[in-house]
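Asker: Structure, please.
(2 chains)
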Amino acid sequence: MIEIKDLHKSYRMGANSLHVLKGLNLSIKEGELVAIMGSSGSGKSTLLNILGMLDEADSGDYILDGVPIKNLNETKAAKYRNKFLGFIFQSFNLINYKTAIENVALPLYYQRVNRNERQEKSMRYLEKVGLKNWAHHLPSELSGGQKQRVAIARAMAAEPKVLLADELTGALDSKTSYEIMDLVQQINDEGKTILIVTHEPDIAQMCKRIIHLKDGVIVEDSLVEQVRAASYVQ
Amino acid sequence: MFSRDRWQEIFQTISKNKLRTFLSGFTVALGIFIFTVLYGMGNGLKNSFNEFFMGDATNTFSIYPGRTSEPYKGFKSGRTIEFRNDDIEDIKKDFAFYLDEITPVISFSATAKYKGESNSYTINAVAPPYQDMQKTILMKGRYINVKDLEKRSKNIVIGRLVELDLFGKSENALGKFLDVGGIIYRVVGVFQDDDGDNEERIIYMPYTTRQMLDQGTDKIGQITLTYNTNIGYAGAMAFDLSLQKYLKSKHNIAPDDQNAIYLRNMADIVQRNMMFANILQLVVVFVGIGTLIAGVIGISNIMVFVVKERTKELGVRKALGATPASVIGLVLQESIFITTIAGYGGLVLGVGVLSAMGDRFKEDYFISNPGVGLGIVITATLVLVFFGVLAGYVPAKKAANVKPIVALRDE
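Answerer: Have a look, this model is predicted:
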């Protein structure tokens, strides 16, 4: 699903340049649930940005579902993001004046899906994250966990190839975090490829594979015994 | 751009962000409103000016005799100049090229009596062309005509208020006999005039009749003439000069004597006053443009603020697959929509205020019938919309090009 070969990225800081990613090689197959760990400055966010087409690598190849991602203009990047990727953010990033269902429908709007289908599909995904009865509430009327569920429903509504999550439990307490991870695991069980950037070891343990980044290189890449979040959720 | 979904998206952002909508709409509406009202009042001032001068024909010369102030050709100074019938004939003959109509005016005042009522009025003894020069409108009957002149008939035309004063509301003056200064005249017409009450308290009679009754004299008080408008302003000024020169030489007046003959040239007076009115209008337009610029700055500020406020939302939209073009389009279409509607509102309100003002401020402030050309306000609205859009475009483009990850970074 994701192929990365010899990926380099450096940022120019005045006269010096900061070499953030130093030749990464990575292959992620369909249906994987991968945690990317590392301390701040390790390059994990940069990697996620490049995977999310929010940033471009200096050199190296990035192939997503057989499509080489290279030299994209903004318009093309927007189309690819819409088609291939679903984002889940630490701070949810719901649009505050839109109801839950309108937020979920937004990526479908940009896919030019017609209104009825949008409505029907959004409701289906809200139901999937357990918020059918909250569809017409504004984000301000939802709890943190509910907001993140809406965000997950929104990320999935476009039916992307890959879900990218950036510290998705960072703003939640541990109980809510586990509930969210339970949901993420269920989605993964259905075959969706998911990448999670996190610095919390217990969250990482709930994935199937952990990649440790340090100073721009992969220091460890191991398959782990998945801890089911459901066991923490009553 | 015109899809129903896009509009729905815009109506939603508008209705969910009332303050923002109100601020940008209010700025534009206020700008257009003030511009419209100012411009309209400027036009009202100009209308008043026009009315002052347009009541009478503007291609008019009135020539008044005076008293000489210096000796000339054996005549001593202080001699009273008098015009006579042959002056009229000579001007007709020698200035045929310039001249349109000419009439003597012998003005005096007399008491008019009818039954128990009496009042003092200005009597003007004139020839028929005087009607057109004064733009006198007849309500009933007829004006003095050529037959009256030939027969020296005792027919008079009275003003609307003369009829009201003497005959009351119920009685019709037409055909009745009126005692004016001890002589009985028949009323053959009643007129009205736009130039105010004084103009409607005048009685007109044939100048020949007046001369006959005044011991058969051929003296005339003043000469009023209109010139052919084809000669233009420069031609009128030339006519003015050569006519004065002609009359001075005919009446043995020194060429540089300023007191013997006075010529009142309406074209010149109107020209000067219209220049004043135009400068007034220019000031008003200047103030109006200032208002527009203030409006443009206001809407620009608000657009910058709006885009800043929406940076995060626009970042989310981009992460979800919005193209830069659709982000810019969303912001601009909303601002065009708001500014157009608000501009139209301000326009309607301004025109409403102007029409409510109407002639109410005519007496005290000389603003009559204020109004604006539709073209000028639509242009003003378009200018505001254009600058609003331009002001929105720059930050919107910037926002559209910000990488979503930057826009979404937590503060």
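
Asker: those strands in the chain, which residues are they?
Answerer: Just so you know, I chose chain A. A:2-13, A:16-28, A:33-37, A:59-64, A:67-68, A:85-88, A:162-166, A:193-197, A:209-214, A:217-223 (DSSP state E).

Asker: I was after chain B.
Answerer: B:60-65, B:83-84, B:99-114, B:117-126, B:137-141, B:155-159, B:177-180, B:183-192, B:202-206, B:219-220, B:222-227, B:261-265.

Asker: Rebuild these as JSON lines, extending it with distance to residue A:23 and mean neighbour count.
Answerer: Just so you know, the C-beta spots here come from the backbone N, C-alpha and C atoms, and that holds for glycine as well. Listed next are these as JSON lines, based on distance: least, CB to CB, whole Å; neighbours: other CB atoms under 10 Å in any protein chain shown:
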{"stretch": "strand B:60-65", "distance to residue A:23": "98", "mean neighbour count": "20"}
{"stretch": "strand B:83-84", "distance to residue A:23": "113", "mean neighbour count": "19"}
{"stretch": "strand B:99-114", "distance to residue A:23": "100", "mean neighbour count": "18"}
{"stretch": "strand B:117-126", "distance to residue A:23": "109", "mean neighbour count": "18"}
{"stretch": "strand B:137-141", "distance to residue A:23": "99", "mean neighbour count": "14"}
{"stretch": "strand B:155-159", "distance to residue A:23": "106", "mean neighbour count": "26"}
{"stretch": "strand B:177-180", "distance to residue A:23": "118", "mean neighbour count": "17"}
{"stretch": "strand B:183-192", "distance to residue A:23": "101", "mean neighbour count": "18"}
{"stretch": "strand B:202-206", "distance to residue A:23": "107", "mean neighbour count": "23"}
{"stretch": "strand B:219-220", "distance to residue A:23": "114", "mean neighbour count": "20"}
{"stretch": "strand B:222-227", "distance to residue A:23": "98", "mean neighbour count": "22"}
{"stretch": "strand B:261-265", "distance to residue A:23": "96", "mean neighbour count": "17"}
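
Asker: Can you add distance to chain A and mean pLDDT and give the ones you listed back as JSON lines?
Answerer: Shown next, in JSON lines, are the strands of chain B (distance: least, CB to the nearest CB, whole Å; pLDDT from 0 to 100):
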{"stretch": "strand B:60-65", "distance to chain A": "70", "mean pLDDT": "90"}
{"stretch": "strand B:83-84", "distance to chain A": "86", "mean pLDDT": "90"}
{"stretch": "strand B:99-114", "distance to chain A": "74", "mean pLDDT": "90"}
{"stretch": "strand B:117-126", "distance to chain A": "76", "mean pLDDT": "91"}
{"stretch": "strand B:137-141", "distance to chain A": "65", "mean pLDDT": "89"}
{"stretch": "strand B:155-159", "distance to chain A": "71", "mean pLDDT": "93"}
{"stretch": "strand B:177-180", "distance to chain A": "82", "mean pLDDT": "90"}
{"stretch": "strand B:183-192", "distance to chain A": "65", "mean pLDDT": "92"}
{"stretch": "strand B:202-206", "distance to chain A": "73", "mean pLDDT": "93"}
{"stretch": "strand B:219-220", "distance to chain A": "85", "mean pLDDT": "88"}
{"stretch": "strand B:222-227", "distance to chain A": "72", "mean pLDDT": "90"}
{"stretch": "strand B:261-265", "distance to chain A": "70", "mean pLDDT": "88"}
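
Asker: Can I get the ones you listed in CSV including distance to residue B:170?
Answerer: Listed next are those as CSV, based on distance: least, CB to CB, whole Å:
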stretch, distance to residue B:170
strand B:60-65, 37
strand B:83-84, 42
strand B:99-114, 13
strand B:117-126, 13
strand B:137-141, 15
strand B:155-159, 16
strand B:177-180, 17
strand B:183-192, 14
strand B:202-206, 21
strand B:219-220, 38
strand B:222-227, 36
strand B:261-265, 40
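
Asker: Please spell out which residues along stretch B:8-22 are buried.
Answerer: B:9, B:10, B:13, B:14, B:17, B:20, B:21 (16 or more other CB atoms under 10 Å in any protein chain shown).

Asker: any idea how far the residue nearest to the first one when sequence neighbours are not counted lies from residue A:117?
Answerer: Right, residue B:9. Closest residue to residue B:9 apart from its sequence neighbours, by CB to CB, 6 or more residues apart in numbering or on different chains: residue B:330 at 6.8 Å. Remark: distance between residue B:330 and residue A:117 (CB to CB, to the nearest Å) = 22 Å.

Asker: Could you state which residue of chain A sits nearest its centroid?
Answerer: In chain A, the C-alpha nearest the mean C-alpha coordinate belongs to residue A:164, at 1.5 Å (CA atoms, centre = their mean).

Asker: Residue 143: what's it in contact with?
Answerer: Picked chain A for this. With contacts defined as CB atoms under 8 Å, 6 or more residues apart in numbering or on different chains, residue A:143 is in contact with residue A:176.

Asker: oops, chain B please
Answerer: Applying CB under 8 Å, 6+ apart, the residues near residue B:143 are B:128, B:131, B:136, B:157, B:189, B:191, B:204.

Asker: try residue B:255
Answerer: Neighbouring residues of residue B:255 by CB under 8 Å, 6+ apart: B:245, B:248, B:249.

Asker: cutoff 10 Å now
Answerer: Residues near residue B:255 by CB atoms under 10 Å, 6 or more residues apart in numbering or on different chains: B:72, B:244, B:245, B:248, B:249.

Asker: cool, and residue A:153?
Answerer: So residue A:153 contacts A:86, A:100-101, A:103-105, A:122-131, A:135, A:183 (CB under 10 Å, 6+ apart).

Asker: So which of the residues you listed belong to helices?
Answerer: Counting by DSSP state H, the contacts of residue A:153 place A:100-101, A:103-105, A:122-128, A:183 in helices.

Asker: Among those residues, which one has the most neighbours?
Answerer: Comparing these on neighbour count, residue A:104 comes out first with 31 neighbours (neighbours: other CB atoms under 10 Å in any protein chain shown).

Asker: Which residue, neighbours along the chain excluded, lies closest to that residue?
Answerer: That would be residue A:122: by CB to CB, 6+ apart, it lies 4.0 Å from residue A:104.

Asker: Show the model's pLDDT score for that neighbour.
Answerer: Each residue has a pLDDT score; the one for residue A:122 is 93.

Asker: so it sits right up against residue A:100, yeah?
Answerer: Yes. If you go by CB atoms under 10 Å, residue A:122 and residue A:100 touch, sitting 8.6 Å apart.

Asker: Now do the shared contacts for these two.
Answerer: A:135, A:153, A:154.

Asker: Mind listing the residues bridging to residue B:106?
Answerer: Beta bridges link residue B:106 to residue B:125, judged by DSSP bridges.

Asker: so it touches residue B:130, yeah?
Answerer: No. Using CB under 10 Å, residue B:106 makes no contact with residue B:130, being 11.1 Å away.

Asker: so what sits against both of the two?
Answerer: B:124, B:207.
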